[in-house]
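*Asks:* this one's structure only:
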């Protein structure tokens, strides 16, 4: 057996170890590692072919045997394919286009197919079998051409790439030249397969260097951190604008009211303050909803409700938002919409409100259409809610971005349009939580159509309907003779709460700390209800409540009245022992519900 086989066998053993190392180790997947993986496998197969054909010949097989000649052609072709793929590796690290790489792939396949049909013969010198013929000559020429191309790539891109990337090429040129000289002096030392193996091992360290991987991962982490920081900066800037806009209206109109004597003007400006306050509350609620969703704490609460009433409320809200805008509002509600359904009507309403609000914001002229269709099967009703507008529309390339948090499209063009970029992100999350689907179709400059499909259970017999209805009478609840203690460290909040309770003829007392509250109770003062803020300095509302429970005979209902309205806080306060919970700003309907519950009003 000639000495070349021993070199091939040793190379095969070493390369197999490197192959295990390469495939078992986690690595960054990219074009560079992909081509290296192919070269690694190809080199192992080439070494096997060299060893197989040599052993086969030593066993006395006829060199003109078809199978032997076929495997010999594969061996010779292997040198061409290896040279071609090595050049492709250089194309990849030099950032050539995908199109160039694809054309090169097709070219390699075509040349390989032609080579396999070219004639090849053998000659024997001193017991060494050597291939010859047109095929061998063509392969030599092709390998020489690829060597020239390799050198050209090295010269052309040496300024843009580190020397380590070209180390395998330098090694190939040196070792290839050495093998050529040795081959002339001693033909049995044909070591090209062994040299290819050495090049593959050198490439392993230029591609899979752990330090390089660490640097790449650090760069990726840095880029992600920069993107997150930029998103945070943009969000804060946007929030500053969105929050200051209603605050400016609240502050400005409040100052004007102080200087105004005309009662009608005062009422009109007070209504503007209420509208700005509602806008500010919507912004805060949007942020809280996103935080609940991301913390997986937003729950879908299914109850029985009347869908006709829900959609009637939506129509009223939308008409109020349209105001004086020259828009036609069309409403089409399916006639076979069930009378009663079971589902989370609050979230369903929120989804529809978000879509209708966006339609009003981004439509200056034309119309907005609300369609509600139903598909009923067994006891399930699929609500198909679509909102169509003739507004500005959405560019095709931006359709994937509209459900992204804080994303506002055509910001420069729509700078006067209010919005945080949270509405559609919240809408999509809510639809997914309710196991529904949302799709959008839009033509830029002509309008958009958002369609939501959500399944709700059909209820045929309803014992209780939990939709909160508006008061059908304007009669004020009279709680004269009732006494309420308000505990809050903020004087303005104390004044607001006391003023709201005054309209119910309730007698109130206000204290600004938990210590004062405890003192009032210990002095024997009697109250029908305590409204307790939680986030107070020195002693929180929760701590105050625990101290109150330690007082003998204490049985006054205590309601948490706090701005701490993040996800799960109501449940938390109830768990702490509070009788009920009201969030700030105080909703008058919610306040009235609590008063009726604990002051036994009728």
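*Replies:* That came in fine, so what should we check first? Quick caveat, the model's predicted, so the values are computed rather than measured.
*Asks:* Grab the nearest non-local neighbour of residue 367.
*Replies:* The shortest distance from residue 367 to any non-neighbouring residue, by C-beta to C-beta, 6 or more residues apart in numbering, is to residue 328 (4.1 Å). (Each C-beta comes from the backbone N, C-alpha and C, glycine too.)
*Asks:* Name the helix or strand for that neighbour, please.
*Replies:* In the assignment (DSSP states H and E), residue 328 maps to strand 327-333.
*Asks:* just checking, what packs against whatever helix or strand comes next after that strand?
*Replies:* Under the assignment DSSP H and E, the closest C-terminal helix or strand after strand 327-333 is strand 341-343. Contacts defined by 3 or more C-beta pairs under 8 Å, 6 or more residues apart in numbering; DSSP states H and E place strand 341-343 against strand 303-305, strand 447-458.
*Asks:* Which one of those lies nearest to residue 488?
*Replies:* Evaluated with C-beta to C-beta, the helices and strands packed on strand 341-343 place strand 303-305 nearest to residue 488, the distance being 32.4 Å.
*Asks:* any idea which helix or strand comes after that closest one?
*Replies:* Next along the chain after strand 303-305, taking DSSP H and E as the criterion, comes helix 307-322.
*Asks:* in that next one, what counts as buried?
*Replies:* Buried residues in helix 307-322, defined by neighbour count with 16 or more other C-beta atoms under 10 Å: 307, 310-311, 313-314, 318, 321-322.
*Asks:* Which pair of those spans the longest distance?
*Replies:* Going by C-beta to C-beta, the pair spanning those furthest: 307 and 322, at 22.4 Å.
*Asks:* Flag the shaky bits of the stretch 101-250 of the chain, pLDDT-wise.
*Replies:* Regions of the stretch 101-250 of the chain meeting the criterion pLDDT under 70 cover residues 123-129, 159-164, 180, 182-190, 208-216, 228, 231-242, 245.
*Asks:* Do a quick rundown of the helices in it.
*Replies:* 134-157, 163-185, 192-207, 210-259 (DSSP state H, counting those that start in this stretch).
*Asks:* Rebuild those as TSV, extending it with mean neighbour count and distance to residue 595.
*Replies:* Below are the helices of the stretch 101-250 of the chain laid out as TSV (neighbours: other C-beta atoms under 10 Å; distance: least, C-beta to C-beta, whole Å):
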stretch	mean neighbour count	distance to residue 595
helix 134-157	15	79
helix 163-185	15	76
helix 192-207	21	73
helix 210-259	12	26
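*Asks:* among the helices and strands packed on strand 341-343, which is nearest residue 296?
*Replies:* Closest approach to residue 296 among the helices and strands packed on strand 341-343 is made by strand 447-458 (20.0 Å; C-beta to C-beta).
*Asks:* pLDDT (mean, whole number) over that closest one?
*Replies:* The average pLDDT within strand 447-458 is 94.
*Asks:* Which elements pack onto it?
*Replies:* When contacts are defined as 3+ C-beta pairs under 8 Å, 6+ apart, strand 447-458 packs onto strand 341-343, helix 345-361, strand 380-389, helix 423-433, strand 437-443.
*Asks:* how does it look with 10 Å?
*Replies:* strand 341-343, helix 345-361, strand 366-377, strand 380-389, helix 423-433, strand 437-443 (3 or more C-beta pairs under 10 Å, 6 or more residues apart in numbering; DSSP states H and E).
*Asks:* These: which one's closest to residue 109?
*Replies:* Minimum separation from residue 109 across the helices and strands packed on strand 447-458 (C-beta to C-beta) falls at strand 437-443, 42.4 Å.
*Asks:* what angle do the closest one and strand 447-458 make?
*Replies:* 160 degrees (axes from the mean of the first three to the mean of the last three C-alpha atoms, to 10 degrees).
*Asks:* Could you check strand 437-443 and say which residues are buried?
*Replies:* 438, 442.
*Asks:* circling back to that earlier point, wait, which of the buried residues of helix 307-322 is closest to residue 583?
*Replies:* Checking the buried residues of helix 307-322 one by one against residue 583 (C-beta to C-beta), the nearest turns out to be residue 313, at 21.0 Å.
*Asks:* distance of that closest one from residue 306?
*Replies:* Between residue 313 and residue 306 the distance is 11 Å, computed by C-beta to C-beta, to the nearest Å.
*Asks:* Next: residue 264.
*Replies:* Where residue 306 is concerned, residue 264 sits at a distance of 37 Å (C-beta to C-beta).
*Asks:* Neighbour count: the two, which is higher?
*Replies:* Applying other C-beta atoms under 10 Å to residue 264 and residue 306 shows that residue 306 carries more neighbours, namely 19 against 8.
*Asks:* I appreciate the help and will end here.
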